[in-house]
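1. Sharing a model prediction with you, sequence too.
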Amino acid sequence: MKAVGVHNSLPVTDANALQDVELPTPKASGRQLLVRVRAVSVNPVDTKIRMAAGSRLEFPRILGWDCAGVVESLGGECSLFKAGDEVFYAGDVTQAGCDSEFHLIDERLVGHKPKKLSFDDAAAMPLTSITAWEAMFERMNIPRDPKQNQGRSILIIGGAGGVGSIAIQLAKQLAGLRVIATASRPETEQWCKELGADVLINHREEIAEEFQRVGEAAVDYILCLVGTAQHWRSMADVIKPQGKLCLIVDTEANQPVNINLFKPKSVAITWEFMFTRSRFQTPDMGEQGELLNEVSELLDKGVLRHTRTEHFGVLNAANLLKAHVKLESGTMLGKLVLNLP
Ligand SMILES: NC(=O)c1ccc[n+]([C@@H]2O[C@H](COP(=O)([O-])OP(=O)(O)OC[C@H]3O[C@@H](n4cnc5c(N)ncnc54)[C@H](OP(=O)(O)O)[C@@H]3O)[C@@H](O)[C@H]2O)c1
């Protein structure tokens, strides 16, 4: 089968950073599905692993953790899907990614593709939806019932990116929260408003000062998607006493943060890493498949909208490299996809 892989960790400016490769088509066993990949999306994790691939990983390392496709065959222990089912999923970062014609995936991590969405639009959704959903509804335990959230608000830092674009919708449409989102450009600000954000502030300014500028009161929840260390002090300023903060991005070694800032307000700080369940094979890893099925229904009902904004053409090394360039620029608005004809 055709695939795109990483042989060596090279900067995105190097034309050889990603390479077209030919690999044996894998065979499904146990709880694995073999999926014929129809479309993939790209996330910052792809660029991070491309740059970290040098040391301990097998070569070529196949990236890609956002897939929409069709079940081709199944391992003997599968019970949730049948051949021909249309599926979408993010997958397992410890395994080969989906930038290939066929891909093996544990069925517990897989959801039924939204019927009303094309493969391209569906491929934009899984990784970011899982991240935003787990962060808000599981790690911060935000009720999904708007009646329970009356008067409550959330700050979403990095509102127009992949995760922010679905997080705004989940916070607004499912939880009924007042949503304060951050964006730094007119087009990303407009996009966040279209997705349901009530108030926009600029993350290039000090967020606490932005709250004063727009006259916004302290928030119950903060979902910090970009710039953990940069926004640390402001987050301590603008969160309510006994509020909850969820982080998804590491701080750099040269950017220590002072956790004590949150003690006076008894803030609960939690992490979300959407690969935790697959990486540790937790007993509840099937929750990700269930979660994707719920997202799928919400997309079909029109409660949520897909977040694909760009198409980078057919999946090959040259086009995928252009996608990595875009992701590394830090200016994504929504999601981009590539397809397999
Ligand atoms: N832990 C997990 O499970 C998990 C899952 C998914 C992603 N992640 C990580 O979360 C981060 C975000 O992912 P993503 O897919 O949403 O990325 P993305 O789509 O590349 O995010 C792009 C957005 O970031 C905004 N941004 C840029 N600099 C910012 C800053 N200093 N402060 C706030 N926002 C800023 C930009 O807004 P403007 O253009 O308006 O400036 C842009 O819209 C990445 O580091 C990714 O690796 C973690």
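-> Thanks, I have the structure now. Residues are numbered from 1 along each chain as shown.
2. okay, CA-based contacts and neighbour counts for the rest of this
-> OK.
3. All the helices of the stretch 1-150 of the chain, residue numbers only.
-> In the stretch 1-150 of the chain, the segments counted as helices under DSSP state H, counting those that start in this stretch are 44-52, 119-123, 126-133.
4. Can you point out the buried residues in the longest one?
-> When you say that, I think you mean helix 44-52. By neighbour count on 16 or more other CA atoms under 10 Å, the buried set for helix 44-52 is 46-47, 49-51.
5. and it, how far out from the chain's middle?
-> Relative to its parent chain, helix 44-52 has a centroid offset of 14 Å by CA atoms, centre = their mean, to the nearest Å.
6. Also the shortest one?
-> On the basis of CA atoms, centre = their mean, the separation between the geometric centre of helix 119-123 and that of its chain is 14 Å.
7. same thing with stretch 159-167?
-> That offset, for stretch 159-167, works out to 8 Å (CA atoms, centre = their mean).
8. Next, see if it gets close to the ligand.
-> Yes. Using CA under 6 Å from any ligand atom, stretch 159-167 reaches the ligand at 160-164.
9. which pair in the residues you listed spans the largest distance?
-> A160 and V163 (7.9 Å; CA to CA).
10. Please say which of the two ends up with more neighbours.
-> A160 (31 against 26; other CA atoms under 10 Å).
11. I figured the more buried one hits E189, correct?
-> Yes. Between A160 and E189 there is a contact under CA atoms under 8 Å: 7.4 Å.
12. got any residues that touch both of the two?
-> Common neighbours of A160 and E189, counting by CA atoms under 8 Å, 6 or more residues apart in numbering, are 182-183.
13. How much space separates E294 from the ligand?
-> Using CA to the nearest ligand atom, to the nearest Å, we find E294 at a distance of 19 Å from the ligand.
14. what sits against that residue?
-> E294 touches nothing, counting by CA under 8 Å, 6+ apart.
15. now do 10 Å
-> If you count contacts by CA atoms under 10 Å, 6 or more residues apart in numbering, E294 has them with 111-112, 114, 288, 300.
16. rewinding a little: show me which pair in the buried residues of helix 44-52 is furthest apart.
-> D46 and M51 (8.7 Å).
17. ok, back up a step: any chance of the residues of stretch 159-167 next to the ligand in CSV, plus pLDDT and secondary structure?
-> Shown next, in CSV, are these (pLDDT from 0 to 100; DSSP: H, G, I helix; E, B strand; the rest coil):
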residue, pLDDT, secondary structure
A160, 98, coil
G161, 98, coil
G162, 98, helix
V163, 98, helix
G164, 98, helix
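18. nearest to Q148, of these?
-> Once CA to CA is applied, the member of the residues of stretch 159-167 next to the ligand that ends up nearest Q148 is G164, at 22.6 Å.
19. Tell me how many other residues crowd that closest one.
-> The burial count for G164: 29, using other CA under 10 Å.
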